[in-house]
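**Q** What follows is a protein structure lacking sequence information:
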């Protein structure tokens, strides 16, 4: 196994609907991402970017194909092992932040550590450092409904990287933010990728973000192509 | 993954300041529903059980737990008493056997007062009368009453002759016998005095046997009956005496009370079932409200077992809070009613003047535990439903 590769996927197929009215969303997608690489997938709305990210992030089983996370065949594992793999190796950032409304920003950030069985003190220390890093430590004890969209997305990013995952999958991380806030979040993502030699796979519409990454793919008609 | 985290998630899903008002209202209503159901069941049992117990206690306080009598009617005498005493002495649990002579009489106290009474001669040191009868006769301890026996009528060659059977006796004490029936009519005095009043020397109307604390009167009466049978049938004699537990005389009353209690329990159990159905729909709503959150948690690595446990814990929290609240509410209600708002009854109809509430510990615990178990059972539906969805489906849920 090539130790440089954190994620590789082969021949990913996914369709929705019944046999007679099926929509082929992914038609044999292949992708490989190395340590520290920031990769973007662009494509129009409904092109299957989220489906691809969910399949690669072990959230949605593809009809066919194989996903290796740090060499482990994710879809061949039991659901418990797969959950563990997601917890340790993969971070997620969603377009609508998806923070848990009943928990403060800090508690949200701590959540992956708590799921992993770490103590509250340990998780709290890590969360404080990350909230400081993403610039929202002053909002640590606020509930998501009381902070701005940009602050929510920064908390979501901190939550995605608290377990020091090998790869972060971000689905339209700036899709729901205004231009200024988007720029801040994009800058933060690029800095975090550089700081931690962490790989990012971003599904995005943002030309600014797509132009700043190391490699870029486009998804259209179910086919994933690298844009040279 | 720690249990504490799952508890925190379940707790905040059902109740958190950050929840929507609808979720909080649904949670509060389902807790209240379960609480009312549990409290209604426990309070019903407390008062129905309290009534039965008060009547039974009143009856047994004034009567020996075992009653030995002649099935065909007729009077017994000291010989029968001696025989039964000797047979009963070998039966474990029976402490003593006494003879009773009980007959109706007319009593009068203060001038112008007169009342019918039941005069019971037994193992009593002095003369005790029921408090309502004392009030009616206008007497207290130390006053004199006159007892006239209708049994003192003899037929002679001269025709019907009224024998002077009016006896004046001092009241030693006035007692609350527990039941209105006894308080308004009973006069208790020594056996020999009763025999003098009724001119019935050596005569007894029944025998009463007492049992040790903890001995079941039904069991003791069966043992005494078999001993009587062995004694007489074994010797070729007819078995002429029979023993029954005193409360069996009022078997129909207790059966009717039991039937009423069972019927009301069923009605109130149905109320609790309705509350549990409401709780089930509340859990489904809360599960739908948090479907996406569960998807996020799964993306962060929450295993399927965690998803399942969160759903079960939500049910436990709502049902458990409801059941425990109901339990506490029922205890407080029973205490408050007993202490500050006693339920008055007409003693001439119900035998007792105040309906006592006796907190039914075992029933209350069984009802609470059963309710919690059913809550856990109904929470499995949203739990399995959450498991059947992929994290991706849950994340896309809007």
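**A** In hand now; what should we look at? Model, not experiment: these values are computed from the prediction. Numbers count the residues shown, from 1 in each chain, chains lettered A, B, ... in the order given.
**Q** what's the neighbour count on residue A:202?
**A** 28 (other CB atoms under 10 Å in any protein chain shown). Glycine gets a C-beta too; all of them are placed from N, C-alpha and C.
**Q** does it have beta-bridge partners, and which?
**A** Following DSSP bridges, residue A:202 is listed with bridge partners residue A:40, residue A:170.
**Q** which ones are touching it?
**A** Under the criterion of CB atoms under 8 Å, 6 or more residues apart in numbering or on different chains, the contact partners of residue A:202 comprise A:38, A:39, A:40, A:41, A:170, A:173, A:189, A:209, A:210, A:213.
**Q** With residue A:133 instead?
**A** With CB under 8 Å, 6+ apart as the criterion, the residues that contact residue A:133 are residue A:158.
**Q** What separation do you get for it and residue B:292?
**A** From residue A:133 across to residue B:292, the span is 27 Å (CB to CB, to the nearest Å).
**Q** now do residue A:188
**A** Remark: distance between residue A:188 and residue B:292 (CB to CB) = 24 Å.
**Q** And the contacts of the helix or strand of chain A with the lowest mean pLDDT?
**A** Each helix and strand of chain A was given a mean pLDDT (mean pLDDT, DSSP states H and E); the minimum falls on helix A:207-212 at a mean of 80. Under the criterion CB under 8 Å, 6+ apart, residues A:38, A:40, A:42, A:174, A:182, A:183, A:186, A:189, A:190, A:202, A:204, A:216 lie in contact with helix A:207-212.
**Q** Between the contacts of residue A:202, which sits nearest chain B?
**A** The shortest gap between chain B and any of the contacts of residue A:202 belongs to residue A:170, at 12.1 Å (CB to the nearest CB).
**Q** which residues sit in contact with that closest one?
**A** With contacts defined as CB under 8 Å, 6+ apart, residue A:170 is in contact with A:92, A:93, A:157, A:160, A:189, A:200, A:201, A:202, A:203, A:204.
**Q** for chain A, what are the nearby residues on the stretch 151-300 of chain B?
**A** Taking CB under 8 Å from any CB of the partner chain as the contact definition, the stretch 151-300 of chain B meets chain A at B:292, B:293, B:295, B:296, B:297, B:298, B:299, B:300.
**Q** Show me these that map onto helices.
**A** Counting by DSSP state H, the members of these that fall within helices are B:292, B:293, B:295, B:296, B:297, B:298, B:299.
**Q** now the contacts of residue A:170 as TSV including distance to residue A:101 and pLDDT?
**A** Output for these, formatted as TSV (distance: CB to CB, whole Å; pLDDT from 0 to 100):
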residue	distance to residue A:101	pLDDT
A:92	17	93
A:93	17	91
A:157	18	90
A:160	18	92
A:189	24	84
A:200	26	92
A:201	27	94
A:202	25	91
A:203	24	91
A:204	25	87
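**Q** Cross those against strands and list the overlap.
**A** A:92, A:93, A:200, A:201, A:202, A:203, A:204 (DSSP state E).
**Q** is it true that the second one touches residue A:161?
**A** No: using CB atoms under 8 Å as the test, residue A:93 is too far from residue A:161 to be in contact (9.0 Å).
**Q** so what's in contact with these two at the same time?
**A** Shared contacts of residue A:93 and residue A:161, defined by CB under 8 Å, 6+ apart, comprise residue A:168.
**Q** Report all helices and strands that the longest strand anywhere in chain B contacts.
**A** With residue count as the measure and DSSP E as the assignment, chain B has strand B:94-108 as its longest strand. Using 3 or more CB pairs under 8 Å, 6 or more residues apart in numbering or on different chains; DSSP states H and E, the elements in contact with strand B:94-108 are helix B:78-88, strand B:115-122, helix B:131-137, strand B:144-148, helix B:191-198, strand B:203-204, strand B:206-211, helix B:217-234.
**Q** Report the buried residues of it.
**A** B:94, B:97, B:98, B:99, B:100, B:101, B:102, B:103, B:105, B:106, B:107, B:108 (16 or more other CB atoms under 10 Å in any protein chain shown).
**Q** check contacts around residue B:193.
**A** The contact partners of residue B:193, taken as CB under 8 Å, 6+ apart, are B:121, B:127, B:167, B:169.
**Q** how about low-confidence regions in the stretch 101-250 of chain B?
**A** B:150-164, B:239 (pLDDT under 70).
**Q** Quick check, the residue in it closest to chain A?
**A** When CB to the nearest CB is the measure, the stretch 101-250 of chain B has its nearest residue to chain A at residue B:214, with 53.7 Å between them.
**Q** and the longest helix for chain A?
**A** The helix of greatest length in chain A, counted in residues with DSSP H as the criterion, is given as helix A:179-195.
**Q** Now do it: everything it contacts.
**A** With contact meaning CB under 8 Å, 6+ apart, helix A:179-195 is reached by A:36, A:38, A:134-135, A:148-150, A:153-154, A:157, A:161, A:170, A:173-174, A:177, A:198-200, A:202, A:206, A:208-209, A:212.
**Q** what do you get if the cut-off is 7 Å, keeping everything else the same?
**A** The set of residues that contact helix A:179-195 without belonging to it, under CB atoms under 7 Å, 6 or more residues apart in numbering or on different chains, is A:36, A:38, A:134, A:149-150, A:153-154, A:157, A:161, A:170, A:173-174, A:177, A:198, A:200, A:206, A:208-209, A:212.
**Q** Could you pull up phi and psi at residue A:103?
**A** Listed backbone geometry of residue A:103 is phi -120, psi 150, with angles given as degrees, to the nearest 10.
**Q** got a list of what it touches?
**A** Residues in contact with residue A:103 (CB under 7 Å, 6+ apart) are residue B:12.
**Q** Then residue B:245?
**A** Counted by CB under 7 Å, 6+ apart, residue B:245 has contacts B:65, B:66, B:217, B:218, B:221.
**Q** who wins for most neighbours among the residues you listed?
**A** residue B:66 (28 neighbours).
**Q** That residue bridge partners, please.
**A** Counting by DSSP bridges, residue B:66 forms beta bridges with residue B:209, residue B:245.
**Q** Since that was my last question, I'll sign off now.
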